[in-house]
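> please work out how this folds:
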Amino acid sequence: MAASLRSIVQASRSPFARAGIASARFSSTVPKQSTLKDRLAELIPAEIEHVKQIRAQHGKKSFGPVLVDQLYGHVSPSSRLSSMRGLPALIWDGSVLDAEEGIRFRGKSIPECQELLPKAPGGSEPLPEGLFWLLVTGEIPTQEQVTGLSRDWAARAAIPEFVEEILDRCPPTLHPMSQFSLAVTALNHDSAFAKAYQDGISKKDYWGPTFEDAMDLIAKLPNIAGRIYRNVFGDGKLPAIDLHKDYSHNLATLFGFGENEAFVELLRLYITIHSDHEGGNVSAHTGKLVGSALSDPFLAFGASLNGLAGPLHGLANQEVLVWLRKMQEKIGENASDVAVKEYVWSTLKGGQVVPGYGHAVLRKTDPRYVAQREFALKHLPHDPLFRLVGQVYNIVPNILLEAGKAKNPWPNVDAHSGVLLTHYGLTQMQFYTVLFGVSRAFGVAAQLIWDRALGAPLERPKSYSSAAIEKIFRDHE
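You can find the predicted model right below:
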């Protein structure tokens, strides 16, 4: 089954994949001793020249028409279609999402990242540190460079005492995502970029303090997320960050699962595949938009988290798990395919969607779903909820096509992630979006660094009223 799923994802190779999205200017051979900041400083001048060349050669060319339907994006109040779907309007270098093939990080597919990125000793899943290096530089780092990044993040991990106090004073009834956004925004107090800007830093040097803030942001998220988890669901006591462990191992330890190596491996995979999904999704675009006002990375990513908290974005994995559990309660474990089909039809006839199926861009099975399924086949093949997920995968697409409910009836990443976390004991669904947020920081932070390095402008698209649109077309009739 795993092989067949992967074949679905890889069956159609887009021109992007064949050409290789990663530019030739990014070499996979890097100096062994260079730090991430050193390597970035070497890459920035060449990339500035490269952008100048693109603008000189293609800057005045048309880049796709805009339809009125793309602005409205919906056919009824209950529709979940995306506004501005497919509208080319952003530069996002870390990843490109192809409708047929799925996500590629700097030109590399998820299976390629799993194969090429450095791993922890004895581990088989890629370390998120390596993925961040790839997002920032376009290069596959060495094991030594990834280890250095792990140590750097561990050394930066402490959060200010006043932020600890803010979190400790939050009532446990305040949603974990609200607490997460609150704490990340408060880190702005010590922003290197905000201070440098106040001191009159030159525009060409903006990227330096932005890099430092981005590194601090990612490094401090485990302590913030761990504190929220322990305050809301535990006894409030947090273990210390281990300077000799990787990012995912420390995060798992803060949650209380550090002794479970399979769970640590799951976090390494989870963070890697949830890190970036090009720039148009709500959390990524929000971070870029707010960052374009020269807000520091803490303010920009705090805004990203507020978008991620929505049920049409990061909260979707929670909806999937709720739906699956309700199905189990209704039809029992090890139910027949007929019973599953009847439950799916009852969901649709009740005016609801099947959560975890369909995507604004993807037209094939999400490769992130495939990666998680392969992990489950390896580590928890007999888990009842995982087996139900497999049944649903075999049944739902045909029903959605028959019902005319979706042009894309295939599962996305949310259809699987909650089941894996539940298996290992992380059962608090309210917390799942926080874990998604930790992951998404990697992609948002990497792009903010490059936006500062390349001098990306303030985002200010043109808006129209409905009356103005009518007038435009009336005047041309």
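
> quick one, helices of the stretch 51-200 of the chain?
68-72, 110-116, 128-137, 143-155, 161-169, 176-186, 192-198 (DSSP state H, counting those that start in this stretch).

> Pro397 is nearest to which of the ones you listed?
Shortest distance between Pro397 and these, using C-beta to C-beta, is found for helix 110-116: 20.6 Å. Glycine gets a C-beta too; all of them are placed from N, C-alpha and C.

> now do stretch 103-117, average pLDDT.
Mean pLDDT, taken over the full extent of stretch 103-117, equals 96.

> could you pull out the buried residues of that stretch?
For stretch 103-117, a neighbour-count test (16 or more other C-beta atoms under 10 Å) marks 103-110, 113-114, 117 as buried.

> do the same with stretch 416-434
416-424, 426, 428-429, 431-434.

> repeat that for stretch 335-345.
Buried positions in stretch 335-345, judged by neighbour count with 16+ other C-beta under 10 Å: 335, 340-341, 343-344.

> now those as JSON lines including distance to Asp190?
Below are these laid out as JSON lines (distance: C-beta to C-beta, whole Å):
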{"residue": "Ala335", "distance to Asp190": "53"}
{"residue": "Val340", "distance to Asp190": "52"}
{"residue": "Lys341", "distance to Asp190": "55"}
{"residue": "Tyr343", "distance to Asp190": "51"}
{"residue": "Val344", "distance to Asp190": "50"}
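
> inside helices: which ones of the residues you listed?
Residues of the buried residues of stretch 335-345 located in helices (DSSP state H): 340-341, 343-344.

> contact partners for Gln57?
By C-beta atoms under 8 Å, 6 or more residues apart in numbering, the contact list for Gln57 is empty.

> let me fix that: Pro209
191-193, 195-197, 201 are the contacts of Pro209 under C-beta under 8 Å, 6+ apart.

> could you point out the longest helix of the chain?
helix 207-233.

> quick one: list the elements packing against the helix or strand following that one.
Next in sequence after helix 207-233, counting helices and strands by DSSP states H and E, comes helix 247-255. With contacts taken as 3 or more C-beta pairs under 8 Å, 6 or more residues apart in numbering; DSSP states H and E, helix 247-255 sits against helix 128-137, helix 143-155, helix 207-233, helix 261-274.

> which stretches of the stretch 351-477 of the chain have low pLDDT?
360-362, 405-406, 477 (pLDDT under 70).

> just the strands in this protein please.
95-98, 102-105, 108-109 (DSSP state E).

> and the shortest one, which strands flank it?
Right, strand 108-109. Strand pairing for strand 108-109, determined by DSSP bridges: strand 102-105 (antiparallel).

> go on, the first one?
In the sheet, strand 95-98 lines up against strand 102-105 (antiparallel) (DSSP bridges).

> ok, and the closest non-adjacent residue to Ala453?
Trp207 (3.9 Å; C-beta to C-beta, 6 or more residues apart in numbering).

> again with Phe431
Nearest non-adjacent residue to Phe431, counting by C-beta to C-beta, 6+ apart: Pro176, 5.1 Å away.

> what's the neighbour count on that neighbour?
24 (other C-beta atoms under 10 Å).

> is it in contact with Tyr432, as I believe?
No: the pair Pro176 and Tyr432 does not pass the contact test of C-beta atoms under 8 Å, sitting 9.0 Å apart.

> which residues do those two both contact?
Going by C-beta under 8 Å, 6+ apart, no residue sits against Pro176 while also sitting against Tyr432.

> contacts only, for Arg268.
Neighbours of Arg268 in contact, by C-beta under 8 Å, 6+ apart: 119-120, 123, 125-128, 246, 248.

> make it 7 Å
Contacts were defined as C-beta atoms under 7 Å, 6 or more residues apart in numbering; by that measure Arg268 touches 123, 125-128, 248.

> gap between the residue nearest to Phe431 and Phe233?
Using C-beta to C-beta, to the nearest Å, Pro176 is found at 9 Å from Phe233.

> same thing with Val51?
The gap separating Val51 from Phe233 is 46 Å, by C-beta to C-beta.

> report how many residues lie close to the closest residue to Pro311 other than its chain neighbours.
Leaving aside its sequence neighbours, Pro311 sits nearest to Glu319 (C-beta to C-beta, 6+ apart; 6.5 Å). For Glu319, the tally of surrounding residues (other C-beta under 10 Å) stands at 18.

> now the end-to-end length of stretch 60-73.
From its first residue to its last, stretch 60-73 covers 27 Å (C-alpha to C-alpha, to the nearest Å).

> for Ser248, see how far away Leu142 is.
Check again: residue 142 is Thr, not Leu. 19 Å.

> since that was my last question, I'll sign off now.
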